[in-house]
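J.: Sequence first, then the predicted structure:
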Amino acid sequence: AQSVAQPEDQVNVAEGNPLTVKCTYSVSGNPYLFWYVQYPNRGLQFLLKYITGDNLVKGSYGFEAEFNKSQTSFHLKKPSALVSDSALYFCAVRENAGNNRKLIWGLGTSLAVNP
Amino acid sequence: ETGVTQSPTHLIKTRGQQVTLRCSSQSGHNTVSWYQQALGQGPQFIFQYYREEENGRGNFPPRFSGLQFPNYSSELNVNALELDDSALYLCASSPNRGGPTGELFFGEGSRLTVL
């Protein structure tokens, strides 16, 4: 069965420090991986995706993610965190069975960036 | 802005009542997916509509039903509301059942409280 795990419920970093939000996945076939961000009482906003190609994917707001096939990971990173990055981050993988191509979601990681 | 709009943004119902939530998809998108997000949880897939037909369903009872209209807008109906139905309901649109990658474009959600 396909699944996504975000091992950390919460990540705390100081403003200006690098941040990493972890995601591991289990999927049959080639993975299509996504990161979304959710601000309080808002919908989900797309950050970036990995489909194929370079293992380092660059996305919105200075975020990037590194695809590691051997470790089945897709960690989200940013070189210098901002207080405004504080939000809930979700990793998702596209289901490769059937025609509806729905996304399988992790439980989310709450990122707190402290001034 | 994703171009996906949902209404109402907030509503309060009592147990046993029925609710209808509405979603207008992004221009050019013929697929709408509905998700339930309970507090502190990740999105849970309810169902997807593609060209006015249900095209996949998650683990939700039949009292969760939907419609998609010729203009690709959609409704989510929930009958016999239960307290556990309190959640943020997210609508996401995409081209052609998720398009080549499965990326979704989300609305801001409808916050349902059942008392």
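T.: That came through fine.

J.: From chain A, how far out is residue B:43?
T.: 5 Å (CB to the nearest CB, to the nearest Å). Placement of C-beta: from N, CA and C, glycine included.

J.: go on, residue B:72?
T.: 16 Å.

J.: Next one, pLDDT for that residue please.
T.: We have a pLDDT of 92 for residue B:72.

J.: Show me the strands paired with the helix or strand of chain B with the lowest mean pLDDT, marking each as parallel or antiparallel.
T.: Ranking every helix and strand in chain B by mean pLDDT, DSSP states H and E puts strand B:53-57 at the bottom, with a mean of 89. Strand pairing for strand B:53-57, determined by DSSP bridges: strand B:44-50 (antiparallel).

J.: Run through who's touching the partner strand.
T.: A:100, A:102-103, A:105, B:30-38, B:54-60, B:64, B:66-68, B:74, B:76, B:96-97 (CB atoms under 8 Å, 6 or more residues apart in numbering or on different chains).

J.: check contacts around residue A:4.
T.: A:23-26, A:91-93, A:104-106.

J.: which among the residues you listed gets closest to chain B?
T.: Distance to chain B across these (CB to the nearest CB) is lowest for residue A:105, with 4.1 Å.

J.: if we can go back for a sec, weed out the non-buried ones from the contacts of strand B:44-50.
T.: Using 16 or more other CB atoms under 10 Å in any protein chain shown as the burial test, the contacts of strand B:44-50 include A:100, A:102-103, A:105, B:30-37, B:55-57, B:60, B:64, B:66, B:68, B:74, B:76, B:97 as buried.

J.: Around chain B, which positions in chain A sit nearby?
T.: Residues of chain A lying near chain B by CB under 8 Å from any CB of the partner chain: A:32, A:34, A:36, A:41-46, A:49, A:51, A:90, A:94, A:98-103, A:105-108.

J.: I'd guess residue B:84 is in a strand, am I close?
T.: No. Assessed with DSSP: H, G, I helix; E, B strand; the rest coil, residue B:84 is helix; it does not lie in a strand.

J.: How far away from the center of its chain is the least confident helix or strand of chain B?
T.: With CA atoms, centre = their mean, to the nearest Å as the basis, strand B:53-57 stands 12 Å off its chain's centre.

J.: Done for today, thanks.
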